[in-house]
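Participant: How does the following fold in three dimensions:
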Amino acid sequence: MLQDIITTRFYERDYNDITKKLLYEDVSYDEVIDKGIKIVADWNLFEYKY
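Facilitator: Sure, this is the predicted structure:
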């Protein structure tokens, strides 16, 4: 599921419209993907079954 979020950029609009405004630092969606979601996805901690 995390790979789908990365590929489709599904939450980008929500991040830019809502979440980004709550942060103390200016963090781009690409940075969130590269330094957060991709790292967690690569750990394979979550097994998603269809």
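
Participant: Phi first, then psi, for residue 45.
Facilitator: Main-chain torsions, residue 45, degrees, to the nearest 10: phi -70, psi -30.

Participant: So what's the residue count around it?
Facilitator: Residues near residue 45, counting by other CB atoms under 10 Å, number 8. All C-beta atoms are positioned from the backbone trio N, CA, C, and that covers glycine.

Participant: Quick check: pLDDT value at it.
Facilitator: Note for residue 45: predicted pLDDT of 76.

Participant: what about stretch 9-26, average pLDDT?
Facilitator: 96.

Participant: Just the buried positions in that stretch, please.
Facilitator: Within stretch 9-26, the residues that count as buried by 16 or more other CB atoms under 10 Å are 11, 15.

Participant: which other residues reach that stretch?
Facilitator: 4, 5, 27, 29, 32, 33 (CB atoms under 8 Å, 6 or more residues apart in numbering).

Participant: measure it end to end?
Facilitator: Criterion CA to CA, to the nearest Å; first-to-last residue distance in stretch 9-26 is 18 Å.

Participant: now swap in stretch 22-36 and tell me
Facilitator: Span of stretch 22-36 from end to end, CA to CA: 17 Å.
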